[in-house]
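>>> build the 3D model from these lines:
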Amino acid sequence: MTDIPLQVMATLPALQLIEKLQARHGDLLFHQSGGCCDGSSPMCFAQGDFIIGDRDVRLGEIGGAPFYISPSQFQYWKHTQLIIDLVPGRGGMFSLENGEGVRFLVRSRLFSEAEFAQLKDAGKV
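Residues are numbered from 1 along each chain as shown. Predicted coordinates for the structure are as follows:
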């Protein structure tokens, strides 16, 4: 059986910051909600500080932290692999990277037809 493509992954700089934040805050989770302002960036929380919705979709894990996306955003992004990266700037007001001088950013690439078919066969989309 062919490996199912990852729906979310992270760059090395993002993984290094996740490790630093885990050391400081314990277990983490990410949520991508969409919308304006802070909601358009992936938000990083200590587990227990954010309530996942019943319909939120778990895309996978980055750095051991589960990554969720709202159902409406999943419909827009389901054809893409999300790549969580870091860029200079200020993190979201409630996101744990705030004050680090960098913020998490979503980059993406379209899945190939074969990859999307694999995800479909696996019940992931």
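>>> can you tell me the closest non-neighbouring residue to Val21?
Not Val; residue 21 is Leu. Computed as CB to CB, 6 or more residues apart in numbering, the closest residue to Leu21 that is not its neighbour in sequence is Leu96, at 5.0 Å. Placement of C-beta: from N, CA and C, glycine included.
>>> just confirm that neighbour is within a strand.
No. According to DSSP: H, G, I helix; E, B strand; the rest coil, Leu96 belongs to no strand; its state is coil.
>>> run through the residues that contact it.
Neighbouring residues of Leu96 by CB atoms under 8 Å, 6 or more residues apart in numbering: 21, 24-25, 28, 44-46.
>>> ok, now with 6 Å
By CB atoms under 6 Å, 6 or more residues apart in numbering, Leu96 lies in contact with 21, 25, 44.
>>> tell me how far it lies from Val102.
Note on Leu96: its distance to Val102, by CB to CB, to the nearest Å, is 12 Å.
>>> before we move on, what about Arg55?
The gap separating Arg55 from Val102 is 30 Å, by CB to CB.
>>> likewise Ala46?
From Ala46 to Val102 the distance is 18 Å (CB to CB).
>>> and Phe116, by the same measure?
31 Å.
>>> check Glu115 too.
From Glu115 to Val102 the distance is 29 Å (CB to CB).
>>> ok, Ser41 next?
To Val102, Ser41 is 12 Å away according to CB to CB.
>>> so for these two, which sits in the more crowded spot?
Ser41 (21 against 18; other CB atoms under 10 Å).
>>> hmm, that one is touching Met93, no?
No. Using CB atoms under 6 Å, Ser41 makes no contact with Met93, being 10.4 Å away.
>>> just the strands in this structure please.
8-10, 28-32, 43-46, 57-62, 65-69, 80-88, 102-110 (DSSP state E).
>>> quick one: contacts of the first one?
Residues from elsewhere that reach strand 8-10, judged by CB under 6 Å, 6+ apart: 59-60, 62, 67, 82-84.
>>> now, among those, which is nearest to Phe50?
For the contacts of strand 8-10, the residue nearest Phe50 by CB to CB is Phe67; the value is 12.2 Å.
>>> residue contacts, that closest one?
Phe67 is in contact with 8, 30, 59-60, counting by CB under 6 Å, 6+ apart.
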